[in-house]
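Asker: I'd like to go over a predicted model; first the sequence, then the structure.
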Amino acid sequence: MHHPPRGKDSSDDRGPDRAGIAYPIASASLGWDRVMTGVRALPEPALLSAGFRSLMAAFPAGVCVVTGLDADGQPRGMTCSSVCSVALEPPTLLVCLRTASPTLTAVLGCARFAVNMLHDRAQLTAELFSSGEPDRFQRVRWLGAGDGIPHLVDDAHSVADCVVIAAHQVGDHTVVYGEVFGVAVQPAPQPLLYGLRRYAAWPRH
Ligand SMILES: Cc1cc2nc3c(=O)[nH]c(=O)nc-3n(C[C@H](O)[C@H](O)[C@H](O)COP(=O)(O)OP(=O)(O)OC[C@H]3O[C@@H](n4cnc5c(N)ncnc54)[C@H](O)[C@@H]3O)c2cc1C
């Protein structure tokens, strides 16, 4: 009996490439089952991981710095684009932080966090807070909000203050749900974006 090669369709040679990156999902002739077949056909977890990274790189997002206080009351924070609105009533969002992160430990420890949404002149701060530099809070201007959680006053166009209501570990990351109890929003924000592995500014016109 003839079997088509794994990951290939006998009538169409545009199946997933061996790097697990290029999928013909833009083709109108393809249904979702074909796309899913392509995903399942990837042979190596490492290739699937690379494909997933490329998939999400093609989904641009705003850039935030999630901040909290550690057990000694010291500021902790990290660049984060995995931020999502969850509910309007009560206003709730989620952030996904790597489980080994000292920022995550701080956020869960103090049960509070702030989501500092960066503006388009704050790329250096996004890079600083994703760099592993331990002195990151000495290199930006920040103020403790009412509960002491850091607000990046020069770099954020908007800030959400949150109380942790749930956390779930998923793989190597932890999803933290925060009920928003305070917001500061600039009237005409110019958000910093990250997609296709580079920073960009929201178009001004
Ligand atoms: C655009 C963009 C989006 C990203 N989105 C996400 C995301 O959604 N989720 C995610 O998990 N990652 C994301 N990252 C990656 C993340 O920003 C980095 O992995 C970041 O370095 C994690 O910071 P951390 O607080 O976990 O500590 P690390 O930077 O890993 O800490 C390194 C070392 O410095 C020490 N240290 C850290 N902070 C302090 C401090 N204040 N004082 C003293 N010592 C300190 C730590 O103890 C540790 O020894 C993103 C990166 C970029 C560029």
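Answerer: Received it, and whenever you're ready, just let me know what you need. Residues are numbered from 1 along each chain as shown.
Asker: remind me, longest strand of the chain?
Answerer: Here the longest strand in the chain is taken by residue count, with DSSP state E as the criterion, and it is strand 156-170.
Asker: Contact residues of the chain facing the ligand?
Answerer: Remark: the part of the chain in contact with the ligand comprises 63, 75-76, 78-82, 96-98, 101-103, 126, 129-130, 132, 134, 136-137, 173, 194, using CB under 6 Å from any ligand atom. No exception for glycine: its C-beta is placed from N, CA and C like everyone else's.
Asker: measure the residue nearest to H119 when sequence neighbours are not counted to L192 for me?
Answerer: In space, and not counting its chain neighbours, H119 is closest to H157: 4.1 Å by CB to CB, 6 or more residues apart in numbering. From H157 over to L192 the distance is 9 Å, taken as CB to CB, to the nearest Å.
Asker: tell me the phi and psi of the residue nearest to the spatial centre of the chain?
Answerer: When CA atoms, centre = their mean is applied to the chain, the residue found nearest the centroid is S82 (2.1 Å). Summarising the backbone geometry of S82 under the convention degrees, to the nearest 10, its torsions are phi -80, psi 80.
Asker: Thought L93 was touching it, still the case?
Answerer: No. Applying CB atoms under 8 Å, one finds S82 not in contact with L93, separated by 10.7 Å.
Asker: picking up where we left off before, out of the residues of the chain next to the ligand, which are inside strands?
Answerer: Secondary structure defined by DSSP E assigns P75, R76, M78, T79, C80, C96, L97, R98, H173, Y194 of those to strands.
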